[in-house]
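Engineer: Next comes the sequence, and after it the predicted model I'd like to discuss.
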Amino acid sequence: MTPEEHRFNALVLMFANLQRLMVFHNALALSEGRELDPDLREELTTRLDLVGETSQRASETKAVSEADVDAVTPVAGYLAREVRSYFATEMENDLGKQAAFGAAAVYAASYLDDGTIQMGRVFGHSDWVDRTMQNKPVLISLRNQANAAVASAAKGEFSPEVRGYINHHVSVSHGNRQGAMDQLDGLLAMLDGRDARQYQ
């Protein structure tokens, strides 16, 4: 990957993980019968808007400007802290929290694939696009399962089928924890145009 591709990849990872946090906190609030805290919503929305707008400019110019790198750099530290906290969520015997945790992982994976497809199109990697598009049917099914789990949590009623969805999503997310954190810990290297895997 080129330096510009590494920088763009950092934006993809940032956006996907910000969505992970937004889905988690929204779903958790829904399962607990409350509104999402306005300050938390603003905290996440502001960062999502920043990274989304930066990604749009980078898609048009095939580059991430130094000014944009400087603007999004603080998001890297924020995500490393907040996603680590997400993975540390205590949720034993709490199906509402488990449903929110699993849904967040499913949507993060979906947004990550969307970003990979966009990156492939921007930089002319049709093989990335074709390969990632093959995941779409599975991710649509997983999103439907996650939505069903969160809706069940809001009602406090969990069928055996939904319990199975939740268990699977949580298990997969925990299995991906180290990889997800390695990516987030490598964001600063990526924003510098380097392959973060060389420094792990």
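Structural biologist: Received the coordinates, thanks.
Engineer: what's in contact with whichever strand or helix holds residue 76?
Structural biologist: Remark: residue 76 resides in helix 66-87, with elements defined by DSSP states H and E. Helix 66-87 has contacts (CB atoms under 8 Å, 6 or more residues apart in numbering) with 7, 10-11, 14, 17-18, 20-21, 24, 47, 50-51, 54, 57-58, 101, 104, 173-174, 177, 180-181, 184-185, 187-188, 191. Where C-beta positions appear, they are placed from N, C-alpha and C, glycine not excepted.
Engineer: tell me the mean pLDDT over it?
Structural biologist: Computed over helix 66-87, the mean pLDDT rounds to 97.
Engineer: Narrow the contacts of helix 66-87 to just the buried residues.
Structural biologist: The neighbour-count criterion (16 or more other CB atoms under 10 Å) marks 7, 10-11, 14, 17-18, 20-21, 24, 47, 50-51, 54, 58, 101, 104, 173, 180, 184-185, 187-188, 191 among the contacts of helix 66-87 as buried.
Engineer: tell me what the helix or strand following the helix holding residue 76 is packed against?
Structural biologist: Going down the chain from helix 66-87, the next helix or strand is helix 95-123, by DSSP H and E. Helix 95-123 sits against helix 3-31, helix 38-61, helix 126-133, helix 136-155, helix 160-175, with contacts defined as 3 or more CB pairs under 8 Å, 6 or more residues apart in numbering; DSSP states H and E.
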